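# 3D, please:
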Amino acid sequence: MFSFDWHRFFLNDLSITFLGEVAVRVLFAYIVVFLFLKVSGRRGIRQLSLFELVIILTLGSASGDVTFYDDVPVLPVAMVFLVLLVLYRFTTFLTARSSRVARWVEGEVITLIQDGLYVLDSLDGLNISEDEFFMELRQEGVEHLGQIRLALIELDGDISAYYYDREEVRPGLSVLPPQHRQDYTCVPADGLYACNHCGETQRLQAQQQLSCPRCQRNLWSLALTTQRAR
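Numbers count the residues shown, from 1 in each chain. Prediction:
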């Protein structure tokens with residue numbers, strides 16, 4: 001095999017019509033990756049926009065293979081880049097001119113916590129790991145939901161939180177890990193408890209079992225009233 005074999009470099013043993021098949025393959029991959037990311041939820045995207053991640057994932061294999069393997073011709077890879085560029089431009093064109101398309105493709109900012117309570121429609125409709133969410137709140141110095149006036153999930157999956165002033169903090173659901181938060185279906189003593197699902201607080205008596213009037217769940221933990229550390 002000789003270096004700089006231009007026939008092998010551009011097409012190898014492939015027909016020129018194969019470039020059309022490549023275009024269809026790229027369209028298929030673009031749609032599949034996009035739908036997967038839509039279904040899996042925005043928390044997996046984080047610092048990248050949905051389209052940036054789609055482009056990176058779809059281009060990754062094509063751009064890597066052509067640099068290392070001598071049997072991967074250049075023209076099909078160039079077709080991958082060209083088709084993805086066209087798809088990207090077309091999608092951004094649609095989202096810029098239609099708010100309905102933009103909402104479907106990019107999603108909307110979602111209110112997750114309001115007035116120290118989970119927004120039930122948002123909580124039940126999102127693919128969110130509570131452990132990861134609570135971890136992020138703890139890293140911001142949050143100990144319980146009663147310290148939070150408003151929490152939003154942004155388009156990239158990041159959380160924006162706005163807090164009560166220290167004197168306005170209300171009792172709320174603890175965000176501490178299980179070893180620091182006891183959960184009960186039958187509470188051991190009189191006190192103020194928070195529903196582990198929605199954050200609703202109720203004053204319960206010892207040995208009382210109660211379904212939350214807001215979400216109908218029956219797991220409770222002691223509501224906290226501490227002020228935010230910072």
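
# what's the burial count for L155?
14 (other Cβ atoms under 10 Å). The way it works is simple: take the backbone N, C-alpha and C, and place the C-beta from them, glycine included.

# Just confirm it contacts V109, I think it does.
Yes: if you go by Cβ atoms under 8 Å, L155 and V109 touch, sitting 6.6 Å apart.

# Let me see the ranges of the helices in this structure.
6-10, 18-40, 50-68, 74-97, 99-106, 120-125, 130-139 (DSSP state H).

# Now do the third one, average pLDDT.
Averaged over helix 50-68, pLDDT sits at 62.

# ok, now the shortest one?
Taken as a whole, helix 6-10 has a mean pLDDT of 53.

# again with stretch 84-94
81.

# Put the alpha carbons of that stretch into PDB.
Extracted in PDB, the C-alpha atoms of stretch 84-94 (Å, rounded to 0.1, in the frame of the first residue of the first chain):
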ATOM      1  CA  LEU A  84     -24.900  18.200   9.600                       C
ATOM      2  CA  LEU A  85     -24.200  21.800   8.800                       C
ATOM      3  CA  VAL A  86     -27.300  22.000   6.700                       C
ATOM      4  CA  LEU A  87     -29.400  20.300   9.300                       C
ATOM      5  CA  TYR A  88     -28.100  22.600  12.000                       C
ATOM      6  CA  ARG A  89     -28.700  25.700   9.900                       C
ATOM      7  CA  PHE A  90     -32.200  24.500   9.000                       C
ATOM      8  CA  THR A  91     -33.100  23.700  12.600                       C
ATOM      9  CA  THR A  92     -31.900  27.100  14.000                       C
ATOM     10  CA  PHE A  93     -33.700  28.800  11.100                       C
ATOM     11  CA  LEU A  94     -37.000  27.100  12.200                       C
END
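
# per-domain residue ranges of the chain.
6-106, 110-222 (automatic domain parsing).

# would a markdown table of these with distance to R228 be doable?
Below are the domains of the chain laid out as a markdown table (distance: least, Cβ to Cβ, whole Å):
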| stretch | distance to R228 |
| --- | --- |
| domain 6-106 | 24 |
| domain 110-222 | 5 |
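
# For those, state which one has the densest average packing.
Highest mean neighbour count of the domains of the chain: domain 110-222, a mean of 16 (counted as mean count of other Cβ atoms under 10 Å).

# Kindly check the end-to-end length of it for me.
Start and end residues of domain 110-222 are separated by 28 Å (Cα to Cα, to the nearest Å).

# likewise stretch 154-173?
OK, stretch 154-173 end separation, Cα to Cα: 23 Å.

# Figure out how far that stretch is from the centre of its chain.
Offset of stretch 154-173 from its chain centre (Cα atoms, centre = their mean, to the nearest Å): 18 Å.

# what is the mean pLDDT for it?
88.

# Please apply the same query to stretch 103-119.
85.

# Does L222 touch Q182 like I think?
Yes: between L222 and Q182 there is a contact under Cβ under 8 Å: 6.9 Å.

# And L57, how close does it get to V101?
22 Å (Cβ to Cβ, to the nearest Å).

# what's the overlap in contacts for L155 and V109?
Here L155 and V109 have no joint contacts, going by Cβ atoms under 8 Å, 6 or more residues apart in numbering.

# Now L137: closest residue in space, sequence neighbours ignored.
V175 (4.9 Å; Cβ to Cβ, 6 or more residues apart in numbering).

# can I assume the one you found is in contact with E143?
Yes: using Cβ under 8 Å, V175 is in contact with E143, at 6.6 Å.

# Which residues are in contact with C212?
195, 197-198, 200, 202, 218, 220.

# and the spatially closest residue to C186 that is not a sequence neighbour, how far is that from V101?
Excluding the flanking residues, the one nearest C186 by Cβ to Cβ, 6+ apart is Q209, at 5.0 Å. Counting by Cβ to Cβ, the gap from Q209 to V101 is 49 Å.
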